[in-house]
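A.B. asks: Sequence first, predicted model second:
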Amino acid sequence: MIHPSAIVSPHATIGNNVTIGQFTTIYDNVVIADDVIVEGYCELGVSNALSEGENLIISSRSHIRSHSVLYENSFFGEGLVTGHRVTIREKTFAGKNFQVGTLSDIQGHCSIGDYVRFHSNVHIGQKSKIGNYVWIFPYVVITNDPHPPSNTLLGVKVNNFAVIATMSVILPGATIAKGVLVGAHSSLKGDTEEDMIYAGSPAINRGSTAKIKRQDGSNEQAYPWRKHFHRGYPSELVEEWIKNDS
Amino acid sequence: MIHPSAIVSPHATIGNNVTIGQFTTIYDNVVIADDVIVEGYCELGVSNALSEGENLIISSRSHIRSHSVLYENSFFGEGLVTGHRVTIREKTFAGKNFQVGTLSDIQGHCSIGDYVRFHSNVHIGQKSKIGNYVWIFPYVVITNDPHPPSNTLLGVKVNNFAVIATMSVILPGATIAKGVLVGAHSSLKGDTEEDMIYAGSPAINRGSTAKIKRQDGSNEQAYPWRKHFHRGYPSELVEEWIKNDS
Amino acid sequence: MIHPSAIVSPHATIGNNVTIGQFTTIYDNVVIADDVIVEGYCELGVSNALSEGENLIISSRSHIRSHSVLYENSFFGEGLVTGHRVTIREKTFAGKNFQVGTLSDIQGHCSIGDYVRFHSNVHIGQKSKIGNYVWIFPYVVITNDPHPPSNTLLGVKVNNFAVIATMSVILPGATIAKGVLVGAHSSLKGDTEEDMIYAGSPAINRGSTAKIKRQDGSNEQAYPWRKHFHRGYPSELVEEWIKNDS
């Protein structure tokens, strides 16, 4: 299942039932578990001065789409799914079932929880700390330098169940509380309160997310989204959410 | 004219005078008409769970630039021109002379009219309906989910001759009327009136596009742009525009 | 040091100690000086109707990361460093030590001074003139068409030591004076004064950059950044800055 045009280092560790596509390169310090698909034109295990020769670990049941570039010295839990042309630098530590969309650019030196979803073209600066069940939509940038250029990096913290809508900028050192919704095209700074909407540039508190109604005819609350949106999450997890919320 | 390093499925249909570049992959369900250039490092006919094994059809006189990825189950009329690293997913139906710039990301399940131009890094969400002679400039995102994440997708409609300037977000369900200009860095929601300027975040009606003067020394009206900008359109079409406007 | 899968034109000029990675293509009109690394999956010397068969010149000690596409008829001074998937079109003339981040898209027909740094996903329109020691951060777009679509291109001028923060749009014909800071998520038009902050959409003058304090505990001025941030600049240059400022 390794395409004859692929270049796979003999020092890499490749599990069972792994597919490696055409023209893909797997460098030395790569460990791929079982049941993984790496599509064509990818580079896995790129090294640089900061990657220190440590392993890139891709856990089982992952799917890396074509033209993606992943550096060594990162860890991805089981069920990683990427879009095309994803770039993920060293020291990115992601939990299970991480989904990251086409063209996203993760600058490394960051942590990402379980079941996190990034849509297309998301940019994650170094020192970001992203919790579980977070959603980040296209063209969002998470920054870190409070007065660029400098050597002072203030990472952003995004807590569980938070949602950052399209083309928002999260400014250095901001904290996005549990269940917050950042509206599209916003610029958010500082601290936030749980389950509130922040929108605008600069983004301000626009009230509780509970006031947003679903536009599917039900007229029920759209947030917390975990009450109605379960696509792609295992049923045990959904049951746990329901139990904790009730 | 097929580069020896290219991988072309024997099930693909390749027309006359077709060039296929180095390291390009053409999968099974691809139909390429005559006089087409597919540059290097491309993948045409990628399949996924939603693409249903239907054909990717590239009509004649098309030019697909390097590193592009197009899924199966899409149709492009004659004269498609792409930039580099374009990603176009399944169920994209585009008319003739579609031009789509470098890094653009079309999520599929959308329709695009004739002579549409997307500049670099345009993101088109599913369920978008784009008319004829539309212009979309860099880093514009057309969204679809009114309360993300959800299963409720409200597509955006963009009517003929509309122009969306750089780095604007078009919110779910918005309708951009004929000849509207959306200013740069705007966020547009809801309905619009023909030939009006919408700008700001949220974008509001700033008056008629007729008040914008050309900055080429002529001091004539810049809009409707079809009265003075004809580069790349066939003269029959320009004559039709003039006839219909007079 | 040329990978056996690379395709290198016999008409290209390749210096000493040059590394060319797997699956990279070097076309005819390419001149690469000594001590250069071109990683895999790149295309150097792409031609089009505007590139006129002139050379792409890559000076010594440059490093071009994987999946980058550079057109012919451009010049880069020594020490060019690119991220991955960079696209640089014809007639781009850049000074020494230009650093350009992953996914950046330079439309050509522009000039870039010495020691300029673009972060990820920066878009530079044609006719831009960028001075020395300029910093441009992710998802910034520099535009040029005052009433798109048109044939009237008004380039943007960015003067020495200016900083443009994340996701800002610089409108056609704007001039960014020496030492200006454009805040994140801004939209800037027209002229500016030296060493001032411009922020908002539309961006307005928010006072002197001198009032921004460093967040590293020093409580000193963050700007001009050249007084404290010297990473990656040669010591002679830093000494010159200090001499000129005192």
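C.D. replies: Great, that's in hand.

A.B. asks: Which residues of chain A lie near chain C?
C.D. replies: Taking Cβ under 8 Å from any Cβ of the partner chain, the part of chain A that reaches chain C is made up of A:7, A:23, A:25, A:41, A:43, A:46, A:67, A:69, A:85, A:87, A:103, A:105, A:107, A:121, A:123, A:139, A:141, A:143, A:146-152, A:154, A:167, A:169, A:171, A:187, A:201. The C-beta positions use only the backbone N, C-alpha and C, and glycine is treated the same way.

A.B. asks: Kindly report the residues of chain A close to chain B.
C.D. replies: Taking Cβ under 8 Å from any Cβ as the criterion, chain A approaches chain B at residues A:5, A:22-23, A:40-41, A:66-67, A:83-85, A:102-103, A:117, A:120-121, A:135, A:137-139, A:163, A:165-167, A:184-185, A:200-201, A:212, A:214-216, A:222-223, A:225, A:228-229, A:231.

A.B. asks: thinking again about what came up before, could you flag which of the residues of chain A next to chain C are buried?
C.D. replies: Among the residues of chain A next to chain C, those scoring as buried are A:7, A:23, A:25, A:41, A:43, A:46, A:67, A:69, A:85, A:87, A:103, A:105, A:107, A:121, A:123, A:139, A:141, A:143, A:146-150, A:152, A:167, A:169, A:171, A:187, A:201 (criterion: 16 or more other Cβ atoms under 10 Å in any protein chain shown).

A.B. asks: Among these, which ones are in strands?
C.D. replies: Members of these lying in strands (criterion: DSSP state E): A:7, A:25, A:43, A:46, A:69, A:87, A:105, A:123, A:141, A:169, A:187.

A.B. asks: Relative to residue C:34, which of the residues you listed is nearest.
C.D. replies: Distance to residue C:34 across those (Cβ to Cβ) is lowest for residue A:46, with 23.8 Å.

A.B. asks: For chain A, which helix or strand comes out least confident on mean pLDDT?
C.D. replies: Least confident helix or strand, chain A: helix A:235-245 with a mean of 94, by mean pLDDT, DSSP states H and E.

A.B. asks: ok, and what's touching that one?
C.D. replies: Contacts of helix A:235-245 with the rest of the structure, by Cβ atoms under 8 Å, 6 or more residues apart in numbering or on different chains, involve A:115, A:224, A:226, A:227, A:230.

A.B. asks: Report the closest residue of chain A relative to chain B.
C.D. replies: Proximity to chain B, evaluated over chain A using Cβ to the nearest Cβ, is greatest for residue A:222 at 3.7 Å.

A.B. asks: My read is that that residue contacts residue A:214, right?
C.D. replies: Yes - using Cβ atoms under 8 Å, residue A:222 is in contact with residue A:214, at 4.7 Å.

A.B. asks: shared neighbours, the two?
C.D. replies: Residues within reach of residue A:222 and of residue A:214 at once, by Cβ under 8 Å, 6+ apart, are A:228, B:147, B:150.

A.B. asks: Between those, which sits nearest chain C?
C.D. replies: residue B:147 (22.8 Å).

A.B. asks: any idea what sits nearest the closest one, other than its immediate chain neighbours?
C.D. replies: In space, and not counting its chain neighbours, residue B:147 is closest to residue A:222: 3.7 Å by Cβ to Cβ, 6 or more residues apart in numbering or on different chains.

A.B. asks: next one: residue A:160
C.D. replies: Nearest-residue entry for residue A:160: residue A:131, 4.2 Å, with adjacent residues in sequence omitted and distances by Cβ to Cβ, 6+ apart.

A.B. asks: What is the neighbour count of the one you found?
C.D. replies: If you count neighbours by other Cβ atoms under 10 Å in any protein chain shown, residue A:131 ends up with 19.

A.B. asks: ditto for residue A:38
C.D. replies: What residue A:38 shows, counting by other Cβ under 10 Å, is a neighbour count of 29.

A.B. asks: And the pLDDT at it?
C.D. replies: Per-residue pLDDT puts residue A:38 at 98.

A.B. asks: Equivalent analysis for residue A:246, please.
C.D. replies: On the pLDDT scale, residue A:246 gets 78.

A.B. asks: What distance do you get for it to chain C?
C.D. replies: According to Cβ to the nearest Cβ, to the nearest Å, residue A:246 stands 39 Å off from chain C.

A.B. asks: Roughly how far does that residue sit from residue B:130?
C.D. replies: Remark: distance between residue A:246 and residue B:130 (Cβ to Cβ, to the nearest Å) = 44 Å.

A.B. asks: Likewise for residue A:193?
C.D. replies: For residue A:193, the distance to residue B:130 - Cβ to Cβ - is 39 Å.

A.B. asks: Who has more neighbours out of the two?
C.D. replies: residue B:130 (26 against 12).

A.B. asks: List the contacts of residue A:109.
C.D. replies: Shown in contact with residue A:109 (Cβ under 8 Å, 6+ apart): A:50, A:89, A:90, A:91, A:92, A:126, A:127.

A.B. asks: same thing but at 6 Å, please
C.D. replies: The contact partners of residue A:109, taken as Cβ atoms under 6 Å, 6 or more residues apart in numbering or on different chains, are A:91, A:126.

A.B. asks: Also residue A:125?
C.D. replies: Per Cβ under 6 Å, 6+ apart, neighbours of residue A:125: A:107, A:142, A:143, A:144.

A.B. asks: you'd agree the last one is up against residue A:127?
C.D. replies: Okay, so that is residue A:144. Yes - counting by Cβ atoms under 6 Å, residue A:144 does reach residue A:127; the two are 5.2 Å apart.

A.B. asks: For burial, what's the neighbour tally of residue A:209?
C.D. replies: 22.

A.B. asks: Check the one 3 residues further on too.
C.D. replies: Here the count is done by other Cβ under 10 Å, and residue A:212 has 17 residues near it.

A.B. asks: From residue A:80, how far off is residue A:238?
C.D. replies: The value you get for residue A:238 to residue A:80, if Cβ to Cβ is used, is 21 Å.

A.B. asks: if I look at residue A:187, how far off is residue B:81?
C.D. replies: Applying Cβ to Cβ, the value for residue A:187 to residue B:81 is 35 Å.

A.B. asks: Once you drop chain neighbours, what's closest to residue A:89?
C.D. replies: Closest to residue A:89 by Cβ to Cβ, 6+ apart is residue A:108, at 3.2 Å.
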